[in-house]
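Enquirer: Quick one: sequence plus predicted model below, questions after.
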2 protein chains.
Amino acid sequence: MSRDDTQTERPAKGATIHEIAKAAGVSIASVSRALNGKPGISEALREHILQISRDIHYQPSAAARALIGGKAAVVGISLGRQDIELRPYYILLYQHLTLALYRQGMVPIFFACDQTPTLPERAGSAILLSDFPGDERPGFLASRRIPFVRIGPPGEGFSVAPDDRHGIYLATRHLIEGGRRRIAFIGDELGDDRHRLQGYQQALAEAGLPESLIGVPFSYDPALTAYRYLGRFLQPGPPLDGLVCENDEFARGCLTALEDRGIRVPEQVAVTGFDDLPTLAAQLTTVRQDIGRLAVEAVGLLGEAIAGARPRHIDLPVTLIRRQTG
Amino acid sequence: MSRDDTQTERPAKGATIHEIAKAAGVSIASVSRALNGKPGISEALREHILQISRDIHYQPSAAARALIGGKAAVVGISLGRQDIELRPYYILLYQHLTLALYRQGMVPIFFACDQTPTLPERAGSAILLSDFPGDERPGFLASRRIPFVRIGPPGEGFSVAPDDRHGIYLATRHLIEGGRRRIAFIGDELGDDRHRLQGYQQALAEAGLPESLIGVPFSYDPALTAYRYLGRFLQPGPPLDGLVCENDEFARGCLTALEDRGIRVPEQVAVTGFDDLPTLAAQLTTVRQDIGRLAVEAVGLLGEAIAGARPRHIDLPVTLIRRQTG
DNA sequence: TCTCTCATGGTAAACGTTTACTTTGTCCCT
DNA sequence: AGGGACAAAGTAAACGTTTACCATGAGAGA
């Protein structure tokens, strides 16, 4: 949770199922059926009700649902690769998702990636985190007809993601405009961040500069890994003057490695991160993404998925935050 | 969430206010009044009702309370020190707490340490994580008459914690029994883990061995910090044959540092951790604590605190897990 | 044309509390 | 002794859903 987040512990009072019913001129039972994608209602009426509920910003009451004990309110959150599912970025995302779901009257339960096959037993819908190439979860959920939303790049079904590629492009461009000419990219070629590498490549190509990739595998301790990988790279002296890191943790590891070698930042080497995590990015020039918004959009899409709307992707804007390191 | 956790997405159905009423031969209104310390009921009857509710292990449904409109169902989780609140251990704890609370029909919302003064506006009770010496939160909450539970060492009010001291004692004893004689402790003297140092000291004292403390401050990247601190310590060659680490992350950093210097584990140096985090402790000899149980006990105590029972502390058992590193 | 069947939509109960309102009964004052 | 005041306890409504069950009407088979 960002520290200045205005938390609402209950859905704002207002719009109930009864008001939708009144506005639509139907009974509350029909509204409930429409909202939960239950059968026994005509497609036309469902659409009509959905539209009204959108118009009046209807928010289901978590308390009422919990009281009943229905399973519609349970959302499985399927974590991604086991090695990175506890990174600060995901933690923040879990928290925001929890809050966003609660505001919609839903309850999250967490599933490790390899536990996901058991998800349908417990949850009525799902949010998939950090999908990766070859990820079997979307297919699995689709085959079980479980409504779900991916947090990741456009593809089949519902999805939402920050504009990774553009974010890194911005950071790289920023370094280039600052006069840097030997810019390396620190990142993992695999995983759900593969679009970030493309942003780096695009910016360099446009400027006619050579690429230099330092592949750092994700792990439980990204900062330490980056520290060691960069350390090896720096052996012969600094062959570079700019470092575009795929996330803030890599950037922190790089900063520490540079500091331990007496290399001045940003005079000798400029460093940028990605995410703008509150606890990590203190002085870091980085690309900010709005995790709170990401969570809200994901939950919104989930509502659409449950109601059976047409799949779509939402791309979230990112902004370059200039601080001391570049 | 541990991967084999049997999750229940709904609160277990249990005794309700109606059953108490029937057992006591009174109306539910009287039961409610007794339970909430409201006036309009005789002291004798109140006592009687309280006794019965205790006997049948009554747990109020926070969902129902939330429906009515109170904030009784909202539990503020006050995070600890800002620099460590995103560590994997706490993440796991958040997740388990969230689940345990849902099972009681309660909803957690998160407060950063410095946000905690605003907690009473939103939540009816609280769980305090990682209290530290000089922590003002318990006093603050007590003065506002907010029921709360600390996750930490015994003291005033309700609290629950794993037996930190004994766990480290076990690990240290294990190394001593394995023939190690120059055993260092890697940890932060501050924070809520200060009891772990004591366990180390006790074991060494009993064996008549000298202490050697490597102070490593907590931070967003414990593994990297440990790596660097241990690195300095190792300069003149390995002056030690055992490393007792205060947590698994420190241990991982130490293992990496040793590996980078070609020091063999466990032949030359044995290493132990603490927590047994699923993603970190693969081959690590470590002390396991049951985070799921910790969360459940914390929520149970919170129920007692709300009902106005007598404060108590719960000490949770820990076990030594022997793997390859020691 | 009369029923039988379905699809559709409505009615109302249930979930577990809190609380405003009502009833009962006791005690005291005149 | 009659009535007013007050404490103690009960009754029932309300919170916002979900869902089992019932009602309606249209189309179809006879």
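Expert: Cool, got the structure.
Enquirer: Tell me the residues of chain A that contact DNA strand C?
Expert: With the criterion set to C-beta under 7 Å from any atom of the strand, chain A comes near DNA strand C through A:25-30, A:40-42, A:44-45, A:64, A:67-69. From N, CA and C alone the C-beta is placed, and that goes for glycine too.
Enquirer: How is chain A partitioned into domains?
Expert: Domain ranges of chain A: A:61-162+A:291-316, A:164-288, per automatic domain parsing.
Enquirer: Now do the same for residue A:243: helix, strand or coil?
Expert: Assigned by DSSP: H, G, I helix; E, B strand; the rest coil, the conformation of residue A:243 is strand.
Enquirer: which residue sits closest to it, ignoring its sequence neighbours?
Expert: Closest residue in space to residue A:243, ignoring its immediate chain neighbours: residue A:271 at 4.6 Å, by C-beta to C-beta, 6 or more residues apart in numbering or on different chains.
Enquirer: My guess is that neighbour contacts residue A:245. True?
Expert: Yes: using C-beta atoms under 8 Å, residue A:271 is in contact with residue A:245, at 6.6 Å.
Enquirer: shared neighbours, those two?
Expert: A:251, A:254 (C-beta atoms under 8 Å, 6 or more residues apart in numbering or on different chains).
Enquirer: which one of these two has more residues nearby?
Expert: When residue A:271 and residue A:245 are compared for neighbours, residue A:245 comes out ahead with 33 against 25, by other C-beta atoms under 10 Å in any protein chain shown.
Enquirer: so after the helix or strand containing residue A:121, what's the next helix or strand?
Expert: Using DSSP states H and E, residue A:121 maps to helix A:119-122. Sequence order places strand A:125-129 as the next helix or strand after helix A:119-122, per DSSP H and E.
Enquirer: partner strands of that following strand, parallel or antiparallel?
Expert: Next to strand A:125-129 in the sheet, as set by DSSP bridges, lie strand A:74-78 (parallel), strand A:148-151 (parallel).
Enquirer: per-residue confidence at residue A:249?
Expert: On pLDDT, residue A:249 comes in at 91.
Enquirer: tell me which residues in whatever helix or strand it lives in are buried?
Expert: Using DSSP H and E, residue A:249 falls within helix A:248-260. For helix A:248-260, the neighbour count (16 or more other C-beta atoms under 10 Å in any protein chain shown) marks A:248-258 as buried.
Enquirer: List of residues touching the next helix or strand after it?
Expert: Sequence-wise, the next helix or strand downstream of helix A:248-260 (DSSP H and E) is strand A:270-272. Outside of strand A:270-272, the residues within contact range by C-beta under 8 Å, 6+ apart are A:171, A:174-175, A:178, A:180, A:241-245, A:251, A:254-255, A:258, A:265, A:284-287, A:325-326.
Enquirer: now do 6 Å
Expert: The contact list for strand A:270-272 (C-beta atoms under 6 Å, 6 or more residues apart in numbering or on different chains) reads A:171, A:175, A:180, A:242-244, A:251, A:254-255, A:265, A:285-286, A:325-326.
Enquirer: follow-up on the earlier one: from the residues of chain A next to DNA strand C, which land in helices?
Expert: Counting by DSSP state H, the residues of chain A next to DNA strand C place A:28-30, A:44-45, A:64, A:67-68 in helices.
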